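Asker: Provided below are the primary sequence and the corresponding predicted coordinates.
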Amino acid sequence: MILEIPAISCDHCKMTVERVARGFAGVRAAAVNVAEKTLEIEADPDLDLEGLKKALEEEGYRVAGIRS
């Protein structure tokens, strides 16, 4: 699953977004692509996607879209 996060612009953003995602229950792997402003995750089927989006938004990273 790929989350589009327009505010990703640097390595600090990358580290923060990956830390939040990797620490969220149900996320098995997370990788940010700074150039594409995306977060790709591997997650359990029961992932609380709304909860993950909220956790990212609390750090200042709004999810603008989701691709499978």
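Answerer: It's in. Numbering: from 1, shown residues only.
Asker: Going by C-alpha atoms from here, please, whenever you check contacts or count neighbours.
Answerer: OK.
Asker: which residue sits closest to Thr38, ignoring its sequence neighbours?
Answerer: In space, and not counting its chain neighbours, Thr38 is closest to Glu4: 4.6 Å by Cα to Cα, 6 or more residues apart in numbering.
Asker: In contact with that neighbour, which residues?
Answerer: Residues in contact with Glu4 (Cα atoms under 8 Å, 6 or more residues apart in numbering) are 37-39, 63-67.
Asker: nearest to Ala55, of these?
Answerer: Distances from Ala55 to those, taken as Cα to Cα, are shortest for Val63 (10.4 Å).
Asker: For that closest one, give its distance to Leu49.
Answerer: Using Cα to Cα, to the nearest Å, Val63 is found at 11 Å from Leu49.
Asker: okay, these two: which has more neighbours?
Answerer: Val63 (18 against 14; other Cα atoms under 10 Å).
Asker: Can you classify the more buried one as helix, strand or coil?
Answerer: Three-state assignment for Val63 (DSSP: H, G, I helix; E, B strand; the rest coil): coil.
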